[in-house]
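S.K.: Structure for the following, please:
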Amino acid sequence: NFLGASGEVRFACVDSPDTMALSGVVLRGLGLLTKANAAAASVGTWQHAGRTMASDATPQKKDIVHFLDNRDDPEVDAAIRAYMKAAYKSKAAPEKPEPSYELASKVERKYVAAQVVESGVQNISVPLAYKNEGVASVKRYVAQLLNLGAKAGFEDPLKEVEKRLAEKAASSETAKELVNAIKPYASPDFHAALLEALAAAEAETGAPVVLDGASKGYKAFADKVKKVAEAQKLPWKLLLDAKKPSGDEAARDKVKKDFAAWVQSARVADATAELEVLKAEATAVLDRHLSKSADQIRTEQAAAMAALQRKIESAKGAPWAEAFKKDLEALAAYDAAVASDPANGPKVAVKA
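M.R.: Predicted structure coming up:
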């Protein structure tokens with residue numbers, strides 16, 4: 001690991017424990033369930049409070065017996081607890097006529113997906129130098145993450161969030177229940193703003209806000225959600241239009257195109273934020289391995305180079321000064337080549 005002249009962090013060994021840990025940002029990027037996706041789905045949920053019940057398969061006796069020794073997996077452990085609790089309450093509960101390994105199949109798909117991600121993530125280049133490479137490198141990074149997620153069996157992040165919000169809405173009677181239920185899928189500031197809007201709507205009506213589009217409290221809450229979206233710089237009108245059916249094909253195509261462009265820009269912004277987190281983590285790793293901080297090393301390097309330049313100028317014409325001058329020119333050319341193409345490095349011409 002070393003520092004480039006332009007200040008970016010470069011990795012020389014991607015197999016060390018620290019750098020492998022840092023690659024976790026790539027896995028975090030697979031979710032992309034941040035403000036762009038969760039907020040977009042949330043705004044649509046407030047305006048279209050559907051009632052679609054979740055359809056998770058109930059684990060069966062053969063599933064439970066098969067996985068009794070594998071309770072390290074939280075999902076398996078939760079399924080076993082739920083099954084035993086149900087069996088204790090009602091011993092006469094009938095089994096399905098044709099038992100199947102539904103839980104086993106679900107767990108198997110999860111571990112197969114993990115293997116796909118583990119191997120695929122090694123082929124994704126993280127554009128740490130995206131400021132020099134341009135936004136195209138971030139778009140490519142986002143596309144690679146989404147493609148890897150699709151290969152592993154994950155749905156598009158936006159669809160996944162919408163599905164989860166619909167499930168939460170199906171089991172919620174009041175807006176407060178729903179807002180609390182979606183906390184894991186929303187950014188902290190967006191969720192806090194929703195809570196404030198809900199409290200204001202409840203104060204105005206003097207009653208809990210129920211998920212009924214015709215109720216006074218719900219209408220007041222929906223209006224406040226629009227203001228929250230505006231404060232968060234979310235195009236709430238576009239988000240709503242994208243969910244409304246339209247008989248005008250031209251208008252429908254325009255909304256679809258605008259919505260896709262917004263989702264792309266939001267994902268790029270999210271990925272850029274993740275890259276900044278990765279840079280900070282990389283700098284922290286360097287600081288742990290070095291006796292001096294990365295900033296201190298940069299400062300000392302700059303001071304040493306400035307002092308050397310002054311010595312060369314004062315000893316102009318001396319053989320050693322001319323040799324140093326050539327070395328510094330070669331070093332500057334090397335750094336410029338690295339900065340122009342950080343992903344591939346400088347092109348070295350081999351003389352015969």
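
S.K.: Mind giving me the packing neighbours of the longest helix seen in the chain?
M.R.: The longest helix of the chain (DSSP state H) is helix 249-289. Secondary-structure packing of helix 249-289 (3 or more Cβ pairs under 8 Å, 6 or more residues apart in numbering; DSSP states H and E): strand 9-10, helix 17-22, helix 24-31, helix 35-47, helix 135-151, helix 236-241, helix 294-314. In this view, the C-beta of every residue, glycine as well, is placed from N, C-alpha and C.

S.K.: how about the longest one: buried residues?
M.R.: Residues of helix 294-314 classed as buried under the neighbour-count rule (16 or more other Cβ atoms under 10 Å) are 294, 297, 312.

S.K.: okay, those residues in a markdown table with distance to Ala166 and pLDDT next?
M.R.: What follows is the buried residues of helix 294-314, written out as a markdown table (distance: Cβ to Cβ, whole Å; pLDDT from 0 to 100):
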| residue | distance to Ala166 | pLDDT |
| --- | --- | --- |
| Ala294 | 46 | 74 |
| Ile297 | 52 | 81 |
| Ile312 | 69 | 87 |
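
S.K.: Spell out which residues make up each domain of this protein.
M.R.: When the chain is parsed with automatic domain parsing, its domains come out as 20-50+135-266, 293-352.

S.K.: Figure out which of these is closest to Thr272.
M.R.: domain 20-50+135-266 (5.8 Å; Cβ to Cβ).

S.K.: hang on, the earlier thing: among the domains of the chain, show me which one is buried the most.
M.R.: Stretch with highest mean neighbour count among the domains of the chain: domain 20-50+135-266 (a mean of 17; mean count of other Cβ atoms under 10 Å).

S.K.: Could I get the average pLDDT for that domain?
M.R.: Mean pLDDT, domain 20-50+135-266: 80.

S.K.: so how far is it off the chain centroid?
M.R.: Chain-centre distance of domain 20-50+135-266: 14 Å, with Cα atoms, centre = their mean, to the nearest Å.

S.K.: Also stretch 113-124?
M.R.: Using Cα atoms, centre = their mean, the offset of stretch 113-124 from its chain centre is 16 Å.

S.K.: Likewise for stretch 339-349?
M.R.: Its chain's C-alpha centre and that of stretch 339-349 lie 29 Å apart, by Cα atoms, centre = their mean.

S.K.: Nothing else from me, thank you.
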